[in-house]
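**Q** Test case, fold it:
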Amino acid sequence: MLRDITIGQHFPGNSVVHRCDPRFKLLATIGYIVVLYSCGNAVGVALSVVLLGVLYALAKIPFRLILKSLKPIVPIIIFTSVINLFFITGEGEPLVSLWIFKIYPEGVSFAILMAVRVMALIAGTSLLTYTTSPVVLTDAIENLLRPLSKLHLPVHEFAIIMTIALRFIPTLIDETEKIMNAQKARGAQLDTGKLNERMRALVPILIPLFLSAFRRADELAMAMECRCYRGGEGRTRLKVLRFTRTDAWCALFCVVTFGIILATRWIFPTL
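**A** Coordinates of the predicted model:
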């Protein structure tokens, strides 16, 4: 299960999506999330999924990687769908009546809609990290938050903390898997027993994991100090962010597509 978590991983490429300005990709991702949850019908959600499929095809990201990134959130999707399935009521007769729980057609459709939205949300945000390196993503976040520096907020420090946290997610996942395998080799029962026994079995995993995380943080801080890192003041960049003509065309495409998806809210109000 831990190997299926792909958050924070970057897959280099030379596609149009990879070459886009990271600031635009960050804003487009936020816009996609807003549009995804603003369209209140199946047509809008279907168009959102189609748009996501087109972007993944342009980025040449394998379809199996999408399924791999969705696998860890299956319990969340099931829980969300069940909640909406039993607690959304309708005007007609229920399809199924189980004790105090009743399942209406509106509940079924809304549960499916919510499950697809959650999967599209994860896949959409994963596309940002798949096609953007952590260093460039740091520059984009810092650039977008630059107006807040006038309020004497440490914008660069915020950006570097967010990016380092995102960058070390795959590292900590690999470390957790190694610790779990080592504990299993010593006879630890991590997958069997009652709930309280499994909770106690996590202690020998969490303690080494925290120690490893603190050790890595100390090594990273030492490496940054050895390289004379002093924050964002006076810092030069290997790649200067520029908004090109390709970014303008991509922005126009996103604006038109998002507008069409939002328009389905009023064109198809009953779907």
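
**Q** contacting residues for the residue nearest the centre of the chain?
**A** In the chain, the C-alpha nearest the mean C-alpha coordinate belongs to Thr125, at 3.9 Å (Cα atoms, centre = their mean). Taking Cβ atoms under 8 Å, 6 or more residues apart in numbering as the criterion, Thr125 is in contact with 29, 33. Bear in mind the C-beta positions are built from the backbone N, C-alpha and C, glycine included.

**Q** again, 7 Å this time
**A** Contact analysis of Thr125 by Cβ atoms under 7 Å, 6 or more residues apart in numbering lists Thr29.

**Q** How about the one 3 residues further on?
**A** Leu128 makes contacts with 25-26, 29, as judged by Cβ under 7 Å, 6+ apart.

**Q** Buried residues, the helix or strand containing the residue nearest to the centre of the chain. List them.
**A** For Thr125, the host element (DSSP states H and E) is helix 105-131. Buried residues in helix 105-131, defined by neighbour count with 16 or more other Cβ atoms under 10 Å: 107-111, 113-131.

**Q** Give the burial count for Arg230, as a bare number.
**A** Arg230 has 10 neighbours, counted by other Cβ atoms under 10 Å.

**Q** That one in helix, strand or coil?
**A** On the three-state scheme (DSSP: H, G, I helix; E, B strand; the rest coil), Arg230 is labelled coil.

**Q** Per-residue pLDDT of it, please?
**A** As summarised for this prediction, Arg230 has a pLDDT of 72.

**Q** Pull the residues that contact stretch 44-63.
**A** 11, 13, 15-18, 35-36, 39, 66, 113, 116-117, 120, 123-124, 127, 130-131, 257, 260-261, 264-265.

**Q** Off-centre distance for that stretch?
**A** Between the centre of stretch 44-63 and the centre of its chain there are 15 Å (Cα atoms, centre = their mean, to the nearest Å).

**Q** And the helices in the chain?
**A** For the chain, helices defined by DSSP state H occupy the ranges 16-19, 22-38, 42-59, 63-70, 74-87, 105-131, 134-144, 155-167, 169-185, 195-201, 203-226, 245-267.

**Q** how about the second one: buried residues?
**A** Just to be clear, that refers to helix 22-38. Residues of helix 22-38 classed as buried by neighbour count (16+ other Cβ under 10 Å): 22-26, 28-29, 32-33, 35-36.

**Q** Quick check: buried residues in stretch 151-167?
**A** For stretch 151-167, by 16+ other Cβ under 10 Å, it's 155-156, 159-160, 162-163, 166-167.

**Q** pLDDT below threshold where in this structure?
**A** 1-8, 90, 92, 190-191, 193, 195, 231-238, 270-271 (pLDDT under 70).

**Q** redo that, cut-off 50
**A** Within the chain, the ranges that satisfy pLDDT under 50 run 1.

**Q** In it, which residue sits furthest out from the middle?
**A** No residue in the chain sits farther from the centre than Glu93, which is 38.4 Å out by Cα atoms, centre = their mean.

**Q** any idea how far that one is from Ala46?
**A** Distance, Glu93 to Ala46, by Cβ to Cβ, to the nearest Å: 28 Å.
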